[in-house]
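Q: Task: produce atomic coordinates for the following.
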Amino acid sequence: EVQLVESGGGLVQAGGSLRLSCGVSGAALDDYAIAWFRQVPGKEREGIACIKSGDGSTNYEDSVKGRFTISRDNAKNTVYLQMNSLKPEDTAIYYCNVVPYQNHYWGQGTQVTVSS
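A: Numbering: from 1, shown residues only. Here you go, the predicted structure:
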């Protein structure tokens with residue numbers, strides 16, 4: 001069974017950086033496109049970055065474009081999200097999932113809090 005586990009969140013000041021990790025088990029990472037999502041209480045979960053299998057091409061939601069970078073290490077079965085120039089509005093719980101997402105793959109997420 002495929003499992004995805006997020007880690008790397010924390011508290012950071014505005015302008016700072018964090019790197020999130022999404023560890024994948026139960027399947028070969030390079031068989032899947034993976035996306036990062038985030039959710040703020042009271043709002044819907046939104047997809048913010050995606051990396052395809054094969055050529056590893058990426059896509060970003062406009063609010064994170066130029067600040068966040070998604071990457072993958074197939075040998076480590078891990079997808080990363082490098083987040084730079086963080087803003088208070090980036091505060092959320094961050095999740096990873098396959099694309100298209102599968103409800104039973106949602107993990108606990110990792111909390112990112114950006115202070116002003």
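Q: what's the nearest residue to G23 once chain neighbours are set aside in contact with, if anything?
A: Excluding the flanking residues, the one nearest G23 by C-beta to C-beta, 6 or more residues apart in numbering is V5, at 4.7 Å. The way it works is simple: take the backbone N, C-alpha and C, and place the C-beta from them, glycine included. Contacts for V5 (C-beta atoms under 8 Å, 6 or more residues apart in numbering) come out as 22-23, 25, 107-108.
Q: who does the helix or strand encompassing V5 pair up with?
A: Element membership for V5, per DSSP states H and E: strand 3-7. In the sheet, strand 3-7 lines up against strand 18-25 (antiparallel) (DSSP bridges).
Q: And the pLDDT at the residue nearest to G23?
A: Looking at V5, its pLDDT is 97.
Q: what's the answer for the one 5 residues further on, then?
A: Confidence at G10, expressed as pLDDT, is 98.
Q: Can you tell me who it pairs with across the strands?
A: Bridge pairing for G10 - DSSP bridges - gives V112.
Q: how about the nearest residue to G56 once chain neighbours are set aside, what does it touch?
A: Nearest-residue entry for G56: R72, 6.3 Å, with adjacent residues in sequence omitted and distances by C-beta to C-beta, 6+ apart. Contact analysis of R72 by C-beta under 8 Å, 6+ apart lists 29-30, 34, 51, 56, 78-80.
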